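Peer 1: only geometry, no sequence info:
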């Protein structure tokens, strides 16, 4: 192991970050400088370059763990913003749909589908949450207005649209290679 | 002292390490190690997510600098960070006093 192993570690770190949809060159650059410092320190302490690089990497920790921690931190902020957006969009669509003269169900369904799709694309790790955030308000409104069993079951069919959109958005993001929703 | 024990105190330690003057990541680790007499031994990689989080919270700020031909990201406390550090130091001292009170109680 030597300085080349530090570069290999950095490539692994970058790959792990990419897998999680995080494009963070700054973290990789900072890690490079840190490992070079730690390696120099090890060499000053009498270690051979290979051993110094190995020690620096070991003390830094697993690339996968670091990437997971970093991605979780980044996603926390993104997910909070997306949830707020999902609820705001859902409430707006439900409000439009509840207007007395609004009778275009196709446009409502299309808005739910597109909103879910956009959110699934932006946050591919929680499509179900964006779908619920967007789609739950129309069923809730209908149930509160006329709580019959038929209405309850029927109104939840509308949830199929944001769910379809959000999962299609997620699939598109996966296909584009931007993020693997099963990681981090 | 290992990573798990340090987890809840990492922010306080990082802010304290930056109190006197700015530093880059490796220097922060060294500072913590020296000040603790070698007892604080955190997995060094965990430092950076924590520093980025503190920066997002505007408790610290950072910029690239060049030292001896090497690029380094240097961190420094913000005014907000200084206030947060003072509060956390006070809370920590209160906590230590309370625990010591319990440990030293004879009845």
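Peer 2: Nice, I can see it. Everything numeric in this text was worked out from a predicted model, so none of it was measured.

Peer 1: how about the residues of chain A near chain B?
Peer 2: Listed as neighbours of chain B in chain A under the rule CB under 8 Å from any CB of the partner chain: A:26-27, A:29-31, A:33-34, A:36-38, A:59-62, A:65-66, A:69-70, A:73, A:77. Just so you know, the C-beta spots here come from the backbone N, C-alpha and C atoms, and that holds for glycine as well.

Peer 1: need the longest helix for chain A.
Peer 2: Identified as the longest helix of chain A according to DSSP state H is helix A:63-98.

Peer 1: tell me the mean pLDDT over that one?
Peer 2: The average pLDDT within helix A:63-98 is 90.

Peer 1: now it, how far from the chain's geometric center?
Peer 2: Centroid separation between helix A:63-98 and its chain, computed with CA atoms, centre = their mean, to the nearest Å, is 8 Å.

Peer 1: before we move on, back to that, kindly write the ChimeraX command that selects the buried subset of the residues of chain A next to chain B.
Peer 2: Per 16 or more other CB atoms under 10 Å in any protein chain shown, the buried members of the residues of chain A next to chain B correspond to this ChimeraX selection:
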select /A:27,30,31,33,34,36,37,38,59,60,61,62,66,69,70,73
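
Peer 1: near chain A, which residues of chain B show up?
Peer 2: Looking at chain A, the residues of chain B close enough under CB under 8 Å from any CB are B:24-26, B:29, B:43-46, B:48-49, B:52-53, B:56, B:70-73.

Peer 1: ok so, going back, for the longest helix of chain A, packing partners?
Peer 2: Where contact means 3 or more CB pairs under 8 Å, 6 or more residues apart in numbering or on different chains; DSSP states H and E, helix A:63-98 is packed against helix A:3-19, helix A:105-122, helix A:127-135, helix A:137-145, helix B:47-56.

Peer 1: Repeat the analysis, applying 10 Å as the threshold.
Peer 2: Packed against helix A:63-98, as judged by 3 or more CB pairs under 10 Å, 6 or more residues apart in numbering or on different chains; DSSP states H and E, are the following elements: helix A:3-19, helix A:25-44, helix A:105-122, helix A:127-135, helix A:137-145, helix A:160-175, helix B:47-56.

Peer 1: and the angle for it with helix A:3-19?
Peer 2: 20 degrees (axes from the mean of the first three to the mean of the last three CA atoms, to 10 degrees).

Peer 1: Where does the residue nearest to the spatial centre of chain B sit, in terms of helix or strand?
Peer 2: Centroid-nearest residue in chain B, with CA atoms, centre = their mean: residue B:14, separated by 1.4 Å. According to DSSP states H and E, residue B:14 maps onto helix B:10-17.

Peer 1: ok, the next helix or strand after that helix: who's next to it in the sheet?
Peer 2: Using DSSP H and E, the helix or strand that follows helix B:10-17 in sequence is strand B:23-24. With DSSP bridges as the test, strand B:23-24 is paired with strand B:70-77 (antiparallel).

Peer 1: Tell me where the longest helix sits in chain B.
Peer 2: From DSSP H, the single longest helix across chain B is helix B:79-104.

Peer 1: Quick check: buried residues in it?
Peer 2: Applying 16+ other CB under 10 Å to helix B:79-104 flags B:81, B:84, B:85, B:88 as buried.

Peer 1: Quick check: closest non-adjacent residue to the second one.
Peer 2: Meaning residue B:84. Excluding the flanking residues, the one nearest residue B:84 by CB to CB, 6 or more residues apart in numbering or on different chains is residue B:59, at 5.3 Å.

Peer 1: What is the longest helix of chain B packed up against?
Peer 2: helix B:10-17, helix B:47-56, strand B:60-67, strand B:70-77.

Peer 1: okay, the ones you listed in JSON lines with mean pLDDT next?
Peer 2: JSON lines is the format used below for those (pLDDT from 0 to 100):
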{"stretch": "helix B:10-17", "mean pLDDT": "94"}
{"stretch": "helix B:47-56", "mean pLDDT": "92"}
{"stretch": "strand B:60-67", "mean pLDDT": "92"}
{"stretch": "strand B:70-77", "mean pLDDT": "93"}
